[in-house]
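J.: Structure for this input, please:
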Amino acid sequence: MKSIDKYVVVVPTHRIKHLRKNLKSILSQTVKPDLIIAIDDTDYLLNPEIKKEFNEINKNIPVKYYNKKDDTLSGTLQKNGAVRAFLNIFLCLEDTFQNNEENIFIHILEDDCYYIRKNTIEKFKNTHSKFQKNLYRLNLIENEEDLQNALRTSINKDVDKLRNNLEYAIELIDTSGFIFKYDFNIIKGINNYLKDKGYTLSADMYVFEILFNYYSKEFVDLNSFMIFSTQHPDQVSKIFDNDLEDESHKWLFDLKNFNIDINQRNLLEEFSNNLVEIKERRDPLDQLTDEEYRNIPSVQFAIQNKIK
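T.: Below is the predicted model of the structure:
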């Protein structure tokens, strides 16, 4: 049985108002992460507050700080949205860990997300000692009512289970919703894959699918582990122009580069159904009209390929 050598939290950020709560939840953990990789997507000369926050955290937890103007990240400036965010994350991981000598697990905790319980990392390590798998999915909570219910519910490890499939249309996958074992080769492969990709609202699902396929087509569903995802107006998925630029439909067939058989995995139906459902998950105050929604290229593709 192999224990975890390092638990690493990656914090991509450009929003100081959310970052403070994020870092507080990390600092309050009963078992601290071994490293925080900070990815500051602002100009730290104009906005020094973010770097100051990480400098303060560094007094208690080791921090490796990256800024968007660093050489490691400067090549991604022409990208936008989730593609750029993932590319930044994986480039920083590739730069930080250049081999597979250690058993390292990565959790990407976006700045508008935070750990609900103080013993999340401790419980994860205990759960990993039981399952010994390479990919884990966490539950995300997005509203106050569900948060209060979660806080009143005790952790029951028996609800954590090994799975080999996921229904993307009804089960949420988010960037902060999975923990995975670091592997230099797959990270480098994902970086090469992302560098030529355009904008997509579904990047987190594609990355999860690549990791899922790489790690023996199985993951542990951590139903007892929860992350709170703050909903706010400046989220990428809430901006109408981002919908219009969405190229999710162009990504699907490129998964063959990772030896993923989209027919065997039923991904055409899964991803198309999910895209059709995007409208249902948007802020009710910021809903598109049916005509606007159907004019989005990726949605047109999804509607054409959705299995009735």
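J.: I'd like the next helix or strand past the host helix or strand of Leu87.
T.: Per DSSP states H and E, Leu87 falls inside helix 81-96. Using DSSP H and E, the helix or strand that follows helix 81-96 towards the C-terminus is strand 104-108.
J.: Show the average pLDDT along that following strand.
T.: Averaging pLDDT along strand 104-108 gives 98.
J.: Just checking: what are the partner strands of it?
T.: Using DSSP bridges, the strands paired with strand 104-108 are strand 6-13 (parallel), strand 178-181 (antiparallel).
J.: Can you classify Ile173 by secondary structure?
T.: Taking DSSP: H, G, I helix; E, B strand; the rest coil as the rule, one finds Ile173 in the coil state.
J.: Now for it, how many residues are close by?
T.: 19 (other CB atoms under 10 Å). The C-beta positions use only the backbone N, C-alpha and C, and glycine is treated the same way.
J.: repeat for the one 5 residues further on
T.: Residue neighbour count, defined by other CB under 10 Å, stands at 21 for Phe178.
J.: Excluding chain neighbours, what is closest to it?
T.: Arg137 (5.1 Å; CB to CB, 6 or more residues apart in numbering).
J.: Likewise for Val31?
T.: Closest to Val31 by CB to CB, 6+ apart is Glu122, at 4.0 Å.
J.: quick one: that neighbour and Lys32 touch, right?
T.: No: look at Glu122 against Lys32 with CB atoms under 8 Å: they stay out of range, at 9.6 Å.
J.: before we move on, the earlier item: doesn't the residue nearest to Phe178 belong to a strand?
T.: Yes: the assignment for Arg137 is a strand, going by three-state DSSP.
J.: how far away is it from Tyr114?
T.: 18 Å (CB to CB, to the nearest Å).
J.: Could you do Asn192 as well?
T.: 32 Å.
J.: Which one of the two is surrounded by more residues?
T.: Under the criterion of other CB under 10 Å, the comparison of Asn192 against Tyr114 puts Tyr114 first, with 23 against 11.
J.: list the contacts for Gly174?
T.: Small correction: residue 174 is Asp, not Gly. The neighbours of Asp174, taking CB atoms under 8 Å, 6 or more residues apart in numbering as the test, are 140, 204, 229.
J.: Okay, now the unreliable bits of the stretch 101-250 of the chain?
T.: Scanning the stretch 101-250 of the chain for pLDDT under 70 picks out the ranges 153-158, 169-170, 199, 201, 232-246, 248.
J.: now do 90
T.: 101, 117, 123, 138-161, 165-175, 192-206, 221-226, 229-250 (pLDDT under 90).
J.: Count the residues that sit near the residue nearest to Val31.
T.: Glu122, neighbours per other CB under 10 Å, totals 15.
J.: Buried residues, whichever helix or strand it is part of. List them.
T.: Here Glu122 sits within helix 120-131, counting by DSSP H and E. For helix 120-131, burial by neighbour count (16 or more other CB atoms under 10 Å) applies to 120-121, 123-124, 127-128.
J.: same check, this time on stretch 89-102
T.: By 16+ other CB under 10 Å, the buried positions in stretch 89-102 come out as 89-94, 96-97.
J.: same check, this time on stretch 35-51
T.: Taking 16+ other CB under 10 Å as the criterion, stretch 35-51 shows 35-42, 44, 50-51 as buried.
J.: Just list what the helix holding Glu122 packs against, helices and strands only.
T.: strand 6-13, strand 135-141, strand 219-229 (3 or more CB pairs under 8 Å, 6 or more residues apart in numbering; DSSP states H and E).
J.: export those strands to CSV and tack on mean neighbour count and distance to Lys79?
T.: CSV is the format used below for the helices and strands packed on helix 120-131 (neighbours: other CB atoms under 10 Å; distance: least, CB to CB, whole Å):
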stretch, mean neighbour count, distance to Lys79
strand 6-13, 22, 13
strand 135-141, 20, 24
strand 219-229, 22, 22
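J.: Bridge partners for the closest residue to Ile50 other than its chain neighbours, pull those for me.
T.: Of all residues not flanking Ile50 in the chain, Asp40 sits nearest, at 5.0 Å (CB to CB, 6+ apart). Under the criterion DSSP bridges, Asp40 forms beta bridges with Thr13, Asn67.
J.: how near is Asp40 to Pro48?
T.: Taken as CB to CB, the span from Asp40 to Pro48 is 10 Å.
J.: Look up the residues forming beta bridges with the closest residue to His107 other than its chain neighbours.
T.: Closest residue to His107 apart from its sequence neighbours, by CB to CB, 6+ apart: Ile179 at 4.6 Å. In this entry, Ile179 is beta-bridged to His107, Tyr136, by DSSP bridges.
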